[in-house]
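In: Fold the following.
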Amino acid sequence: MSLACVLAMSGPAFSQDNAPVPTLLLELNALQQQASACRIVFLAENRLGTDLAALSFETVLIDTQGVVDRLTLFDFQALPAGRKRVRQFDLDNTECGSIGQVLINGAAACEGEGLSGAECVDGLELTSKTDAEIAG
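Out: Numbering: from 1, shown residues only. Next comes the predicted model:
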């Protein structure tokens, strides 16, 4: 694969007029067992072009058998534009190995200057560095 091809695949997406497409990158970075709790670690990068004053997602945890385990809210708080932030959430009485998928069901809060609220879901780019899938 050529270097130009690799660089094109690793950078931000661009629209037809070569302007960057506003996105909100959410990476499921780690699942860490903490005694009887599972710590879910996300890496978030706000590429929407404006600071987010508040961001929270309605999230569904699905076990490795495909059964919905729970519905919860993850509050990512404020996310400055163009910056990466790590957010972690501890789930009591949960084995990390039982989590098969993290489903982003919608945005409970998406607040920032000039935003309608839909951008946090419409521009969502999801990746996972764990055995669990992330979807939205």
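In: looking at it, residue 21 is touching residue 124, isn't it?
Out: No - using C-beta atoms under 8 Å, residue 21 makes no contact with residue 124, being 11.8 Å away. (Each C-beta comes from the backbone N, C-alpha and C, glycine too.)
In: Comparing the two, which residue is more hemmed in?
Out: Higher neighbour count among residue 21 and residue 124: residue 124, with 16 against 12, using other C-beta atoms under 10 Å.
In: Contacts only, for that one.
Out: Applying C-beta atoms under 8 Å, 6 or more residues apart in numbering to residue 124 gives the contacts 23-24, 26, 104, 136.
In: Serialize those residues to CSV and add fields for distance to residue 91, neighbour count and secondary structure.
Out: Below are those laid out as CSV (distance: C-beta to C-beta, whole Å; neighbours: other C-beta atoms under 10 Å; DSSP: H, G, I helix; E, B strand; the rest coil):
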residue, distance to residue 91, neighbour count, secondary structure
23, 27, 18, strand
24, 22, 23, strand
26, 17, 25, strand
104, 16, 19, strand
136, 19, 15, coil
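In: mind putting those residues in TSV, pLDDT included?
Out: Shown next, in TSV, are the contacts of residue 124 (pLDDT from 0 to 100):
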residue	pLDDT
23	94
24	96
26	97
104	97
136	92
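In: Those residues: which two are farthest apart?
Out: Using C-beta to C-beta, the pair of these lying farthest apart is 23 and 104, separated by 13.6 Å.
In: got a list of what the residue nearest the centre of the chain touches?
Out: For the chain, residue 26 is the residue whose C-alpha lies nearest the centre (C-alpha atoms, centre = their mean; 2.5 Å). Going by C-beta under 8 Å, 6+ apart, residue 26 touches 42-44, 104, 124-127, 134.
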